[in-house]
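>>> sequence first, predicted model second:
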Amino acid sequence: MFKFDFGDKNFNKIHFIGIGGISMSGIAMLLHSKGYQISGSDRKENPHINNLIKEGIKIYIGQSKNNISDQDLFVYTDAIPQHNEELMAAKATGKPVVSRGVLLGALMRNFDRSIAVSGSHGKSTTTSMIAKILLSSDEDPTILLGGDLDEMDGNVKVGDSDILLTEACEFKANILNYYPSTAIVLNIDEDHLDYFKDLNHIVETFIGYMKNLDENSKAIINLDDPNTSRLFEHIKGKAISFSLEDDKADYYVKSYKLNELGHCEFVINIDGRDEVFNLNVAGKHNVYNALAAIITTYENGIDIETTKKAISEYKTLHRRLETIGEKNGAIVITDYGHHPVEIKTTLDAIKTFSDRKIITVFEPHEFSRTKALLDDFSKAFYDSDLTIVTDIYPAREEFDPTIHSSHLVEKLKENGENAMYLSTFEEVVDYLKDKIDENYLVLTLGAGNTHILANMIVNS
């Protein structure tokens with residue numbers, strides 16, 4: 001097991017290969033604040049890299065073996081292929097080379113209260129809700145988010161308390177590297193099928209994660225999800241269940257109601273008391289996220305009144321049902337959803353607060369995901385009046401000629417949906433600029449650059 005203890009100067013110089021990712025940049029900033037000498041590389045600049053440069057961190061644009069010199073530890077992101085020349089040069093030094101997940105797992109062990117949020121959907125939102133509550137309390141937590149939160153002016157905060165809050169993604173079984181004191185599992189669904197063989201492989205990985213937790217840990221599990229329900233028998237510490245449906249859960253929602261904006265007031269039974277909470281974000285799915293956040297903070301000593309106030313003020317992360325502006329009277333919203341379940345949930349949430357016609361612009365994320373879940377994607381846009389599909393965002397993958405965005409458009413049309421393919425963002429902007437008015441809502445969806453598209457539409 002790789003160990004990293006704050007204050008241990010064996011790793012004084014640390015180099016990050018692929019430092020521009022939101023998690024890698026956050027960890028780099030955390031270690032920089034602890035006095036370590038940080039450097040890193042990436043293919044191109046982005047806002048996170050620019051923030052690191054402002055902090056005096058040495059960044060190489062372009063990945064090359066020449067970036068490797070006298071560093072003591074090398075960290076690489078999962079997006080880096082093993083044949084990458086910089087990674088190969090790092091390994092050739094004989095110094096320790098670890099993945100981002102391995103390092104994050106080692107960092108967790110420096111905190112008495114480490115909180116890790118997992119699940120196929122809702123991780124970033126739930127983690128940011130917990131962050132909002134902790135920031136409103138007397139605690140001074142260290143926080144690593146998967147998105148930017150206004151209260152943190154970004155995605156990372158370094159605190160002085162014994163609390164670390166972070167997301168714990170299951171991709172490439174990274175959760176098997178984690179040993180938090182509080183583990184939250186929101187749901188388990190088919191995803192990352194470029195790595196996992198099938199759904200059962202994903203569930204088995206989560207079971208392995210539960211076996212990591214010691215007798216003093218807490219596991220907070222969604223009882224309503226049939227896949228997460230399989231985890232309970234493998235938990236050695238305190239197993240805590242939550243539900244929107246089952247009063248046998250340790251924490252459950254006794255009632256909830258949505259207002260005309262889709263915001264929810266709900267009642268949770270906590271230690272035999274009925275506590276009323278109000279959300280300022282839309283959608284039933286956010287009740288699940290909020291419930292997990294409330295339980296997590298309560299189980300870690302945060303008082304209920306602080307939590308009530310914080311959760312009512314929570315405004316969501318950027319790119320999570322974020323309103324960007326208007327164009328010709330049409331509302332333009334962007335969302336990070338890139339899985340069929342997330343797309344359905346997002347469109348359903350919009351329907352609760354808007355009766356406008358919905359034009360959805362979807363940028364599929366990764367060839368493997370699009371190919372594996374093509375049928376599910378073709379059934380996810382029922383609530384969209386027009387679905388425009390752009391070219392697939394490849395992320396870490398090589399081009400796959402066997403799958404194309406036009407295949408999804410064909411499937412959508414076969415299902416009776418109004419759909420079209422436009423290759424580029426520029427084509428989308430040109431198509432929409434004279435078509436939309438105050439009767440429309442434009443939703444840009446995807447984990448790639450659809451937030452940029454939303455701004456392009458508003459400013460066109």
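Yep, it's here.
>>> Glu322 - how many residues pack around it?
Glu322 is flanked by 18 other residues according to other C-beta atoms under 10 Å. Heads up, the C-betas are built off the backbone N, CA and C, glycines and all.
>>> what's the spacing between the closest residue to Ser64 other than its chain neighbours and Leu52?
With C-beta to C-beta, 6 or more residues apart in numbering as the criterion, Ser64 has its nearest non-adjacent residue at 5.9 Å, and that residue is Glu86. Counting by C-beta to C-beta, to the nearest Å, the gap from Glu86 to Leu52 is 17 Å.
>>> and if you look at Lys236?
Lys236 is 39 Å from Leu52, by C-beta to C-beta.
>>> the more surrounded of these two?
Each of Lys236 and Leu52 has its neighbours counted (other C-beta under 10 Å); Leu52 has more, 24 against 14.
>>> assumed that one was part of a helix.
Yes: judged by DSSP: H, G, I helix; E, B strand; the rest coil, Leu52 forms part of a helix.
>>> ok, it touching Asn46?
No: in this structure, Leu52 is not within contact of Asn46 by C-beta atoms under 8 Å, at 10.0 Å.
>>> contacts made by the helix or strand of the chain with the lowest mean pLDDT with the rest, please.
Across the helices and strands of the chain, mean confidence by mean pLDDT, DSSP states H and E is lowest for helix 340-353: a mean of 82. With contacts defined as C-beta atoms under 8 Å, 6 or more residues apart in numbering, helix 340-353 is touched by 120-121, 189, 258, 260-262, 282-286, 321, 333, 335-337, 358, 360, 362, 373, 376-377, 379-384, 441, 443, 445.
>>> ok, stretch 266-279 next?
Outside stretch 266-279, the residues that touch it by C-beta under 8 Å, 6+ apart are 247, 251-257, 263-265, 286-287, 290-291, 294, 298, 304, 307-308, 311-312, 314.
>>> what about 7 Å?
251-256, 263-265, 286-287, 290-291, 294, 298, 304, 308, 311-312 (C-beta atoms under 7 Å, 6 or more residues apart in numbering).
>>> what ranges do the strands span in the stretch 301-450 of the chain?
For the stretch 301-450 of the chain, applying DSSP state E, counting those that start in this stretch gives strands covering 322-327, 330-335, 357-362, 386-389, 419-421, 440-445.
>>> and for the stretch 1-150 of the chain?
Remark: strands assigned in the stretch 1-150 of the chain by DSSP E, counting those that start in this stretch are 13-17, 37-42, 58-61, 73-76, 97-99, 113-118, 142-149.
>>> can I get the ones you listed in a markdown table with mean pLDDT?
As requested, the strands of the stretch 1-150 of the chain are exported to a markdown table (pLDDT from 0 to 100):
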| stretch | mean pLDDT |
| --- | --- |
| strand 13-17 | 97 |
| strand 37-42 | 95 |
| strand 58-61 | 96 |
| strand 73-76 | 97 |
| strand 97-99 | 96 |
| strand 113-118 | 96 |
| strand 142-149 | 84 |
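>>> out of those strands, flag the one nearest Arg230.
Closest of these to Arg230 is strand 113-118, at 14.1 Å (criterion: C-beta to C-beta).
>>> list the buried ones in the closest one?
Of all the residues in strand 113-118, those buried under the rule 16 or more other C-beta atoms under 10 Å are Arg113, Ser114, Ile115, Ala116, Val117, Ser118.
>>> what's the answer for stretch 349-359, then?
For stretch 349-359, the neighbour count (16+ other C-beta under 10 Å) marks Ala349, Ile350, Thr352, Phe353, Ser354, Arg356, Ile358, Ile359 as buried.
>>> gap between the fifth one and Ser423?
Think Ser354. 28 Å.
>>> check Ser120 too.
Distance from Ser120 to Ser423, by C-beta to C-beta: 29 Å.
>>> which of these two has more neighbours?
More neighbours surround Ser120 than the other of Ser120 and Ser423, with 22 against 12 (other C-beta under 10 Å).
>>> what pLDDT is listed against that one?
Ser120 is assigned a predicted lDDT (pLDDT) of 85.
>>> would you agree it is in contact with Asn187?
Yes: with contact defined as C-beta atoms under 7 Å, Ser120 reaches Asn187; the gap is 5.4 Å.
>>> so Ile235 versus Glu167, what's the distance?
Distance from Ile235 to Glu167, by C-beta to C-beta: 20 Å.
>>> those two: which is more packed in?
Using other C-beta under 10 Å, the more surrounded residue of Ile235 and Glu167 is Glu167, with 23 against 19.
>>> redo the strands of the stretch 301-450 of the chain as TSV? Include mean pLDDT.
Shown next, in TSV, are the strands of the stretch 301-450 of the chain (pLDDT from 0 to 100):
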stretch	mean pLDDT
strand 322-327	86
strand 330-335	90
strand 357-362	94
strand 386-389	95
strand 419-421	95
strand 440-445	93
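>>> could I get the ones you listed as a markdown table with distance to Asn10?
As requested, those are arranged in a markdown table below (distance: least, C-beta to C-beta, whole Å):
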| stretch | distance to Asn10 |
| --- | --- |
| strand 322-327 | 42 |
| strand 330-335 | 43 |
| strand 357-362 | 47 |
| strand 386-389 | 50 |
| strand 419-421 | 53 |
| strand 440-445 | 45 |
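>>> so where's the chain uncertain?
Counting by pLDDT under 70, the chain shows low-confidence ranges at 192-193, 259-262, 317-319.
>>> quick one, helices of it?
Shown for the chain, the helices assigned by DSSP state H span residues 22-33, 47-54, 85-92, 100-108, 123-136, 199-212, 285-299, 304-313, 340-353, 367-372, 374-378, 405-414, 425-432, 450-459.
>>> contact partners of stretch 157-173?
So stretch 157-173 is in contact with 30, 33, 78, 104, 108, 111-118, 123-124, 127, 130-131, 134, 139-144, 146, 175, 178, 192, 195, 202, 205-206, going by C-beta under 7 Å, 6+ apart.
>>> oops, could you answer that again for stretch 292-299 instead?
Contacts of stretch 292-299 (C-beta under 7 Å, 6+ apart): 115, 126, 129-130, 133-134, 182, 184, 186, 218, 220, 240, 242, 251, 268, 270, 277, 304, 307, 311.
>>> quick one, domains of this protein?
9-103, 109-313, 322-459 (automatic domain parsing).
>>> let me have the strands of the stretch 1-150 of the chain in TSV, extended by distance to Glu410.
Formatted as TSV, these follow (distance: least, C-beta to C-beta, whole Å):
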stretch	distance to Glu410
strand 13-17	39
strand 37-42	36
strand 58-61	39
strand 73-76	38
strand 97-99	38
strand 113-118	35
strand 142-149	33
